[in-house]
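>>> Any chance you could fold what I've pasted below:
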Amino acid sequence: FQSKFEKIMVSYLEIYNEEVRDLLSVTSSLNVREDPKEGVFVEGLSKWQVKGIHELIDILKRGGEQRVVESTKMNERSSQ
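Predicted structure coming up:
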């Protein structure tokens with residue numbers, strides 16, 4: 001089986017308390033920008049090339065471990 005895609009890139013971000021964070025890289029708060037040609041993007045967000053489903057799952061697990069998980073007064077299970 002051969003894929004039609006030559007390259008698949010993945011990013012993983014979180015927006016928490018109005019702050020944008022890259023979950024796959026150690027960075028401070030990132031900025032959302034808009035470019036007339038490219039559209040909306042997150043400046044400085046890392047991109048990772050994946051070659052298969054197992055690499056994708058590993059990246060999602062790694063990013064998931066970096067998420068902020070705190071309960072709120074409205075919902076004790078939110079963000080979990």
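>>> burial of residue 55, as a residue count?
Close neighbours of residue 55, defined as other C-beta atoms under 10 Å, add up to 14. In short, each C-beta sits where N, CA and C put it, glycine included.
>>> list the contacts for the most centrally placed residue in the chain?
Centroid-nearest residue in the chain: residue 12, 1.1 Å away (criterion: C-alpha atoms, centre = their mean). Residues in contact with residue 12 (C-beta atoms under 8 Å, 6 or more residues apart in numbering) are 22-24, 59-60, 63.
>>> ok, now how distant is it from residue 59?
7 Å (C-beta to C-beta, to the nearest Å).
>>> And the closest residue to residue 64 other than its chain neighbours, its phi and psi?
Using C-beta to C-beta, 6 or more residues apart in numbering and skipping the chain neighbours, the partner closest in space to residue 64 is residue 23 (7.5 Å). Backbone geometry at residue 23, expressed as degrees, to the nearest 10, gives phi -80, psi 0.
>>> Just list the residues touching residue 23, thanks.
Applying C-beta under 8 Å, 6+ apart, we find residue 23 in contact with 12-14, 62-64, 66-67.
>>> Show the buried residues in the residues you listed.
Among the contacts of residue 23, the ones that count as buried by 16 or more other C-beta atoms under 10 Å are 12-13, 63.
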